[in-house]
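A.B. asks: Sharing a model prediction with you, sequence too.
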Amino acid sequence: AWHSCLTAFELVTVLLFTCCLMLFTRENEPVSMDELAFKFAVTSINRNRTLMPNTTLTYDIQRVNLFDSFEASRRVCDQLALGVAAVFGPSHSSSVSAVQSICNALEVPHIQTRWKHPSVDNKDNFYINLYPEYTSISRAILDIVIFYKWKSVTVVYEDSTGLMRMQELIKAPSKNNLKIRIRQLPSGGGDSRPLLKEMKKEKEFYIIFDCSYQVAAELLKQLMSMGMMTEYYHFFFTTLDMFALDLEPYRYSGVNMTAFRLLNLDDPYVTSVIQKWSMERQLAPPKPESGLMSGIMTTEAALMYDAVFMVAVASQRATQMTVSSLQCHRHKPWRYGPRFMNLFKEAQWDGLTGRIVLNKTDGLRKEFNLDLISLKEDGTAKIGVWNSYTGLNLTEMKDSKNITDSLANRTLIVTTILENPYVMYKKSDKVLYGNDRFEGYCLDLLKELSNILGFTYEVKLVSDGKYGAQNDKGEWNGMVRELIDHIADLAVAPLTITYVREKVIDFSKPFMTLGISILYRKPNGTNPGVFSFLNPLTPDIWMYVLLACLGVSCVLFVIARFTPYEWYNPHSCNPSSEVVENNFTLLNSLWFGVAALMRQGSELMPKALSTRIVGGIWWFFTLIIISSYTANLAAFLTVERMDSPIDSADDLAKQTRIEYGAVRDGCTMTFFKKSKISTYEKMWAFMSSRKNTALVKNNKEGITRVLTTDYALLMESTSIEYITQRNCNLTQVGGLIDSKGYGVGTPIGSPYRDKVTIAILQLQEEGKLHMMKEKWWRGNGCPEEDNKEASALGVENIGGIFIVLAAGLVLSVFVAIGEFIYKSRKNSDIEETGRISLKQRNLRYHNRKRATQQVKSICVSFSAVMEDLGISLRCHKALRKRGRHRGRAGLSGVLCNHKRIQKKETMA
């Protein structure tokens, strides 16, 4: 910390206004950057005769103990007694208050160029500070945190003043969803590596360092030694001198490093001043402090230059202003002090640090611009501007490429797991090393990504052989753990994208979509059987068809009896006969229904509209039934049936005979563990109760169990597809239980994710992902069930039809025998009855006298029958000549034979 004293007096005789500058600095301290800037500013102003033609600046440097406020006050009073126009410094809080109170009492401007925490009740009207106001810088840092969407950030401060400067950020969690962890650097510039090691262990990737540029230079070296200079870390330094540090060793490390810069290096005037400064520093010793680039001007030096320049210009503008000797013990203020102070507050100055506008109330610099700079491959570059009114505004710089935007010439560590066909050991007679040891779908994908993005890679198998799951303590294992610990940069494997994994790592867009399904042993095929012709319809349908046939027959019988149009005269030649008949008896109605069902004719034709409706509806019903039966009959006769005990996940959940499970600590296991669906909860309860047997170590072990035991393995459908292509004894049961995808895993916040995603989308559009899958999934293949040619039908297919035929023939024989026996018995009864009647007639013949008349009557009856037969033949011949006519009226003319009728009536 330093302060300077400005004294002035007027020599009227030579009209020369001379200013004396006196700088106070620490005792036993080497030449500081502020002292160099002070001398450089005085020299530059004295050389510029157009700026101050009648003024010469001189200076006197005194060294004091800044921690001794009494000594600082005494020195200031001594200088004020000589006649002082302004006082610079000191900057240390232990002595600045004493100096500031003296200047305020004597109304002498007090100028600061370093950060100072203002008092709560600031009544120092003669105080000026060119350093940007601390609350504005704190808001700027908060805007950076919000812009980068950091959810958690670590603030590392050097001393207690850092917490004061970070007040706006520390208050942010109450308004924003932000988690802040605060740490302090070791005091006295000690070794910070233990602190950095703890931060690395706690996965603190977004860190804000509030420290001086000297401490920042040492921190960068220790960060490099701790392996924290990687693309996964983002460091923000609050020092405004980050641009002045030598960052050459870190340009290609991949680290994200940003900071603010107050110097407006885009201004040609600023550039010219810095060039003069650089030339003077290179020619004149002493050398600048360690860590800075050669010849660079720091922010504090630029502020000192602006302060001296501002006082010189104000002194030139203050015409007829004189200084007087001021005594601290008299408390008599400087008469020109308020006027001189107003020149500072009312004017706007363009300096090395941009536009200087002081607040008229407290003298602070609240209006300013900060350039946001970031480390690039070609050094630090401006990427945006923060303004105290407009906030953060990012600008795109041409020909500037962030190191995290390119993967070219980088070697990435890729973790993976052995899983066919994704990653397999390559079969070779030679000993293979490195990436050549492996082959598979993921290796081809990795090669394509490498060709597109230009990076090289080193493939390593995951140490514990697991994909990655979370235990009850919240700890992760497998590939997920290696990404969390930054052991690997990418995870290229059949790693499923899940919600819980997305919380701890990042995923690219999926390169393959899939779902969970069931792998089970293919059931043995069964022959259709001799009665397979019954299989197209279930037993229930067969029963319903028979019942429908009986029902329709009964309805037809009743309706035919009810309607008058189904009754007809059996004697067409005798229209006056009162005897009528109906063809639709109960047996005939049943025969009509059976004939229609068998697609055969029955010679029974309904005449009435009602019976025809019944017949038509029944024919339509039989048409659909027989067509459906015929359509399915071929498949049931020619294809062997695969009767599986399970057809879906519900079938598994409802039984306990078949054991089922998944790969331990895999995504499938996690799905059932986290699922809230009752069926899957039941399945997880079964698996968790048998963890030692239900859960397997890997897919290979699970496949072996499926083949050798009664076990079903729940796994990804893509793996099942690959396995079933190569083992015809295995099959996929049911559809997909869920839908998900495989993605490339990266550590959370990794800059590689977006680039990998774009490359995957490019491969998808070019069809290369599909070609790679066809390459690795296509095997010898199993015979497709649907592609089998229809084989000739054998006895085992349709033998049942012959059995039914034989049974029908045998049944008909037995029925015929039964009918014969029944008829024989009936005829024997009739004959017996006839013999008894004949005996009775013979007895009556002897007792009756009219026996002769009986004989004549029989003869007459025989003659009448013969005559009736002749009439029928003539009627038939007449009908053939005339043609057939419908209705009784047409038949009456033919059948009207009064003679036949009279004879028949006579016989009757």
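C.D. replies: Everything's here; your move. Numbers count the residues shown, from 1 in each chain.

A.B. asks: My read is that Lys39 contacts Asn46, right?
C.D. replies: No. Assessed by Cβ atoms under 8 Å, Lys39 is found out of contact with Asn46, at 10.8 Å. No exception for glycine: its C-beta is placed from N, CA and C like everyone else's.

A.B. asks: which of these two has more neighbours?
C.D. replies: In this comparison of Lys39 against Asn46, neighbours counted by other Cβ atoms under 10 Å, the higher total goes to Lys39 at 19 against 16.

A.B. asks: and that one, what helix or strand is that in?
C.D. replies: Using DSSP states H and E, Lys39 maps to helix 33-47.

A.B. asks: How about the contacts made by Gln655?
C.D. replies: Under the criterion of Cβ atoms under 8 Å, 6 or more residues apart in numbering, the contact list for Gln655 reads Pro645, Ile646.

A.B. asks: Give the helix, strand or coil label for it.
C.D. replies: Under DSSP: H, G, I helix; E, B strand; the rest coil, Gln655 falls in the coil class.

A.B. asks: Show the model's pLDDT score for it.
C.D. replies: With respect to pLDDT, Gln655 scores 87.

A.B. asks: in the helix or strand hosting Met224, what's buried?
C.D. replies: Using DSSP H and E, Met224 falls within helix 213-225. Counting neighbours by 16 or more other Cβ atoms under 10 Å, one finds that the buried residues in helix 213-225 are Tyr213, Gln214, Val215, Ala216, Ala217, Glu218, Leu219, Leu220, Leu223.

A.B. asks: cool, and stretch 750-759?
C.D. replies: So for stretch 750-759, counting by 16+ other Cβ under 10 Å, buried means Ser750, Pro751, Tyr752, Arg753, Lys755, Val756, Thr757, Ala759.

A.B. asks: can you list the domains in the chain?
C.D. replies: As given by automatic domain parsing, the domain ranges for the chain are 3-129+267-365, 134-263+369-403, 406-513+743-777, 519-523+644-738, 532-642, 849-907.

A.B. asks: closest one to Phe802 among those domains?
C.D. replies: Closest of these to Phe802 is domain 532-642, at 11.0 Å (criterion: Cβ to Cβ).

A.B. asks: Just want the angle from the helix holding Lys39 to helix 213-225.
C.D. replies: Orientation note: helix 33-47 sits at an angle of 130 degrees relative to helix 213-225 (axes from the mean of the first three to the mean of the last three Cα atoms, to 10 degrees).

A.B. asks: what distance separates stretch 699-710 from the centre of its chain?
C.D. replies: When C-alpha coordinates are averaged (Cα atoms, centre = their mean, to the nearest Å), stretch 699-710 and its chain have centres 31 Å apart.

A.B. asks: Pull out the buried positions in it.
C.D. replies: Applying a neighbour-count criterion of 16+ other Cβ under 10 Å, one finds Asn699, Gly702, Ile703, Arg705, Val706 buried in stretch 699-710.

A.B. asks: one step back: and of the domains of the chain, who's closest to Glu831?
C.D. replies: Closest among the domains of the chain, using Cβ to Cβ: domain 849-907, at 19.8 Å.

A.B. asks: Partner strands of the next helix or strand after the helix holding Met224, with direction?
C.D. replies: Sequence order places strand 234-237 as the next helix or strand after helix 213-225, per DSSP H and E. With DSSP bridges as the test, strand 234-237 is paired with strand 206-210 (parallel), strand 256-261 (parallel).

A.B. asks: Dump these to CSV, plus mean neighbour count and distance to Gly440.
C.D. replies: Compiled in CSV, the strands paired with strand 234-237 are given as follows (neighbours: other Cβ atoms under 10 Å; distance: least, Cβ to Cβ, whole Å):
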stretch, mean neighbour count, distance to Gly440
strand 206-210, 22, 36
strand 256-261, 22, 34
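
A.B. asks: got a markdown table for those, with mean pLDDT too?
C.D. replies: Putting the strands paired with strand 234-237 into a markdown table (pLDDT from 0 to 100) gives the following:
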| stretch | mean pLDDT |
| --- | --- |
| strand 206-210 | 93 |
| strand 256-261 | 93 |
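
A.B. asks: For Phe309, which of those is the nearest?
C.D. replies: When these are compared by Cβ to Cβ, strand 256-261 sits nearest Phe309, at 19.7 Å.

A.B. asks: Tell me which of the strands paired with strand 234-237 sits nearest to Tyr134.
C.D. replies: If you check each of the strands paired with strand 234-237 against Tyr134 by Cβ to Cβ, strand 206-210 wins as the nearest, at 11.0 Å.

A.B. asks: So what touches that closest one?
C.D. replies: Counting by Cβ under 8 Å, 6+ apart, the neighbours of strand 206-210 from elsewhere in the structure are 141, 145, 148, 150, 152-158, 162, 165-166, 169, 199, 216, 219, 233-238, 749.

A.B. asks: and if you look at stretch 265-285?
C.D. replies: 36-37, 40, 44, 243, 263-264, 288, 294-297, 301, 305, 350, 352, 371, 382.

A.B. asks: so what's the residue lying closest to Gln184 once chain neighbours are set aside up against?
C.D. replies: Using Cβ to Cβ, 6 or more residues apart in numbering and skipping the chain neighbours, the partner closest in space to Gln184 is Tyr157 (5.8 Å). In this structure, Tyr157 makes contact with Leu163, Met166, Ile182, Arg183, Gln184, Leu185, Asp210, Cys211, judged by Cβ under 8 Å, 6+ apart.

A.B. asks: Go again with 6 Å.
C.D. replies: Residues in contact with Tyr157, defined by Cβ atoms under 6 Å, 6 or more residues apart in numbering, are Leu163, Gln184, Asp210.

A.B. asks: how near is it to Phe205?
C.D. replies: Counting by Cβ to Cβ, to the nearest Å, the gap between Tyr157 and Phe205 amounts to 18 Å.

A.B. asks: just how off-centre is the helix holding Lys39 within its chain?
C.D. replies: Taking Cα atoms, centre = their mean, the mean C-alpha location of helix 33-47 is offset from the chain mean by 61 Å.

A.B. asks: name the helices or strands packed onto that helix?
C.D. replies: Contacting helix 33-47 under the criterion 3 or more Cβ pairs under 6 Å, 6 or more residues apart in numbering; DSSP states H and E are the following elements: strand 16-26, strand 55-64, helix 299-317.
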